[in-house]
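Asker: Quick one, structure for this:
(one chain, ligands or ions: 1)
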Amino acid sequence: MSRAIVFAIAAIWAFGPAVAQVTVVAAGDIACDPGDSAYNGGSGTPALCRQRATSDLAMALAPDAVLLLGDNQYDFGALSAYQTAFATSWGRLGAKLRPAPGNHEYLTAGAAGYFAYFGAAAANGHYSFDLGGWHFVSLDSNCAQAGGCSKGSPQEKWLRQDLAAHAGMCTLAYWHHPRFSSGLHGDDAAYVSFWQTLQEGGADVVLNGHDHDYERFAPQDAFGTAEPARGLREFVVGTGGRELRPFVQISANSVRRLVNDFGVLRLRLRAGGYDWQFVTEKGTVADGGSAPCQGPEGETALMLADGRFRISATWRHDGLAGSARPGPEATASAGVMWFFDSSNWELLVKVIDGCALNGHYWLFASATTNVGFTLEAVDGQSGREYRLEQAPDAVMKPLQDTSAFPCD
Ligand SMILES: [Zn+2]
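Answerer: Below is the predicted model of the structure:
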């Protein structure tokens, strides 16, 4: 007796809605003291005190907001120095400035120059705001002066509540001292609690300064374990103008390190994802990439092609339904997913970068299951969505789509 096999497979293009996109520029470690021998009337020298050039660059990028990552004004963050060196360089960005304080700000007691110069924009040292569908959090990493940074400190408790009140949004947090750095200051465990709270709250990106270089890390947890789907992606952007310093000891998960140019981080932010570029003082792009936000269902997604594509699936069986979860085995381009038991893999999914071959990312998938499911792939860069429906008790024809997603 033969049984008719019902086979249904459909791939549907769906273009995400046109969403507002905002541009944010970030840097720290910026303006020399007017008394510095390299200050040179604000123009600096070729290697030092380039705050005028980096602020020219920041203005040319026409940002919607500018995130200041601390040590904005050397040497002591005095109000008079702010009013001279910072005001005539980055200060020209005016109301777009969203500051965080560095250790040099606190070399003036209570960071009085910083708080006087920025006024309401500095709040009481930490604050948050929303822009372009993103949630931004500015923290004060000068722990002793900020009442502590550890779990249960006033600032950490505020952070936890603030994130809970903005659950589900793409979130970027920034402060001066990096948790992870290959630069002079190295990794700093003082910021483990910030990191844990941010990760638990579903945040996506962390920006820091303090080390005078540019560094990008792969998504990781508070202790430096790579977590492609749920970790925070950290950037160190201490290239605001003061000086550059070489890397010392390479930290785990460090994927890009630049030390030859001053410059700024340019972020293009949209609902569901972001692009980053490190733009040098010369106007060249020295690093770049894209990623989707983690989203509240991050644990149920497989992130492929350097985090650009979010793969998820829902299954239906015996009147029940659930979300597939990523298995323990994954590479940059391929991973498995399970439905009921982490030892029982049901799906193999691959996203292959075929940009050099035919201008597309290729989507391949196969199933070892008789359970019905819906597989969804989302391009975090374009917002494009690809969906495949598989009926229960059917044999899935392997998906081999070499034109699944245009590269740009
Ligand atoms: Zn610093």
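
Asker: which parts of the stretch 201-350 of the chain sit against the ion?
Answerer: Residues of the stretch 201-350 of the chain that fall close to the ion, judged by C-beta under 5 Å from the ion: H210. (Glycine included, C-beta is placed from N, CA and C.)

Asker: Burial check on the residue of the stretch 201-350 of the chain found nearest the ion, number of neighbours?
Answerer: Proximity of the stretch 201-350 of the chain to the ion (C-beta to the ion) peaks at H210, 3.9 Å away. Around H210 there are 25 other residues, counting by other C-beta atoms under 10 Å.

Asker: List the contacts of it.
Answerer: For H210, the contacting residues are 28-29, 69-71, 102-103, 176-178, 181, 183, 185, 236, 238, by C-beta atoms under 8 Å, 6 or more residues apart in numbering.

Asker: so where's the protein shaky on pLDDT?
Answerer: Along the chain, segments meeting pLDDT under 70 span 1-20, 295-299, 328-329.

Asker: OK, contacts around the residue positioned nearest the centre of the chain?
Answerer: Against the mean C-alpha coordinate of the chain, by C-alpha atoms, centre = their mean, the closest residue is V205 at 2.8 Å. Shown in contact with V205 (C-beta under 8 Å, 6+ apart): T171, L172, A173, L232, R233, E234, F235, L267, Y274.

Asker: Helices of the stretch 1-150 of the chain, residue ranges please.
Answerer: With helices called from DSSP state H, counting those that start in this stretch, the stretch 1-150 of the chain shows them at 51-60, 79-81, 112-118, 143-146.

Asker: now those helices in CSV, with mean neighbour count and distance to the ion?
Answerer: Shown next, in CSV, are the helices of the stretch 1-150 of the chain (neighbours: other C-beta atoms under 10 Å; distance: least, C-beta to the ion, whole Å):
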stretch, mean neighbour count, distance to the ion
helix 51-60, 21, 15
helix 79-81, 18, 15
helix 112-118, 21, 13
helix 143-146, 16, 13
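
Asker: I'd like to know which of the ones you listed is closest to D33.
Answerer: For the helices of the stretch 1-150 of the chain, the distance to D33 is smallest for helix 79-81, at 5.5 Å, taking C-beta to C-beta.

Asker: Quick one: list the elements packing against the closest one.
Answerer: Helices and strands touching helix 79-81, by 3 or more C-beta pairs under 8 Å, 6 or more residues apart in numbering; DSSP states H and E, are helix 112-118.

Asker: Can you tell me what sits against the helix it packs on?
Answerer: 72-73, 76-83, 86-87, 97, 99, 101, 105, 108, 122.
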